[in-house]
Structure formats: C-alpha cells, structure tokens
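Asker: what follows is a predicted structure for the sequence shown.
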Amino acid sequence: MKTHSKLYLFLIIASFAIMGVSCSDKDNNTTTPTPSNSSYFYHNGHSYLIVKEKKSWADAAADAFAKGGYLAEIGDKSEQNAIYQGIIKSGISAAYTSVVDGGGTAYIWIGATDRLSEGVWTWNGANQPEGTSRVFWNGDNTGKLVDGSYANWGGTAAGKINEPDNFTDSQASPNGQNAAAIALAKWPADYPVTLGIAGEWNDIAETNKIYYIIEFNSIKE
C-alpha cells in the first residue's frame, strides 16, 4: 500500500475513534460544560443552567417554566454533588451578594419550598405545570425525610441538622423563610458558630433576589 493511502486510512480510523469518544462522553452525561461556550452542565440525562440574574424565588420559578424547565430538584447525593460542582465551575463569587436572613452568605435558588404549608417541603409546590407537588421533608430542623427522599440541609455534614428553621425577622424575613437555596459559603458568615457550610441548603425568605439554577429533563447544547 502506498504511503499516502496508509495515511488516508489512518486519518479515517482516527476520525471514527474521536467520534466514538465524543458519543461516549455525551452518553455518560458528564458534569463539565461542553462545548466550551455552553452554559449548561449535565447529570444523569438532565441539563442544568445557572441563571446569573437576581430574582425572588417565585420570579425565578416562573422564568424556569418559561424556559421549559423548573428550579432544580435534587433527588440524591450524586445529583447534589454534580450541581454543586457545576456551581463551582461556573465561577460565581461566593460574595456576589449577601442574604441578611441567611447569615450574610450568598445563595442560589433551588426548587424546594414550604410556601403552601409551613413545614411541608415540596419541590416547586403549586408552581408545577400540572399543579402538583412532591413532598420530600416534613417539619423544621427536627423533621424527617419523606419516602426515602434526599435533603442536604445546613449541618448535615457535621451530623447535626440545623435547617430549616423558618427564622423570622421583622425586617429581613417578616413572613418567615419559605424557600430553599444552596449556600456558597458557611453561615453565619461573621460568627464562629456554623449552622451550615458551602453546598448545604438553607431556608431563606422567598423575597430575596439571588441567582438560580434551572433543570431540564433532556440534554441541551
């Protein structure tokens, strides 16, 4: 076989090999945003989009549905880790904002709320397209998971769950705390006591305006 024919055959084989690797990566739904200009990251066949716009929980939920998704619903530790790594890789500053009733720490909204019934924590509640909700936690920080659900409330890593606590403040959270968000740093920020660490969830007033993360039930580019 002539040299240029061998080279042509080699290039064809290499091309198929590269295509195979590419398909394999897509099938495995890696959590790394690809291509480099994509805002999405992936896990278990779902796409996630971090929206760097400050909105209240209700407005963030409405925007998520308008985009064809919903505020992220975290079903297990694997998904929790994938989402938190996605947040880290997005480069959001842990000090991009300060939530007063969240211990002075920055947060990102997820879909958890007890706005319909205090202490009954659901994923997106009445904002579900079909008007349904899925309960995953009942009670405050002494509450319990429902039907094998998952939660990562503040204090989980330390073995003492401190959230949700429905903290009420006359100015910061006069109506209590009815929506959950992922913390980007420990809280309270300026005290030696620690109620939760980066990556854990805290219930905060749903009127806070912070970034949010949308989940889609498909792979988006």
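Answerer: The structure has been received and is ready for your questions.

Asker: could you pull out the strands for the protein?
Answerer: Assigned by DSSP state E, the chain shows strands spanning 40-43, 46-55, 70-71, 107-113, 120-123, 135-138, 144-145, 179-183, 201-204, 210-216.

Asker: for the third one, name the packing helices and strands.
Answerer: In this case it means strand 70-71. With contacts defined as 3 or more CB pairs under 8 Å, 6 or more residues apart in numbering; DSSP states H and E, strand 70-71 has these neighbours: helix 57-66, strand 107-113, strand 210-216. C-beta here means a position set from N, CA and C on the backbone, and glycine is covered the same way.

Asker: and the second one with helix 57-66, angle?
Answerer: Compare the direction of strand 107-113 with that of helix 57-66 by axes from the mean of the first three to the mean of the last three CA atoms, to 10 degrees and you get 80 degrees.

Asker: so where's this protein shaky on pLDDT?
Answerer: Counting by pLDDT under 70, the ranges of the chain that qualify are 1-38, 125-132.

Asker: Val71 contacts Ile108, correct?
Answerer: Quick fix: residue 71 reads Leu, not Val. No. With contact defined as CB atoms under 8 Å, Leu71 does not reach Ile108; the gap is 9.9 Å.

Asker: find residues that contact each of the two.
Answerer: 212-213 (CB atoms under 8 Å, 6 or more residues apart in numbering).

Asker: those two: who's more crowded?
Answerer: Set Leu71 next to Ile108 and count neighbours by other CB atoms under 10 Å: Leu71 wins out with 28 against 25.

Asker: if we can go back for a sec, between the strands of the chain, which one is nearest to Thr168?
Answerer: strand 201-204 (11.2 Å; CB to CB).

Asker: what lies in contact with that closest one?
Answerer: 99, 101-103, 105, 107, 110, 112, 114, 151-154, 163-167, 173, 177-183, 187, 195-196.

Asker: that's all I had, so thanks and see you.
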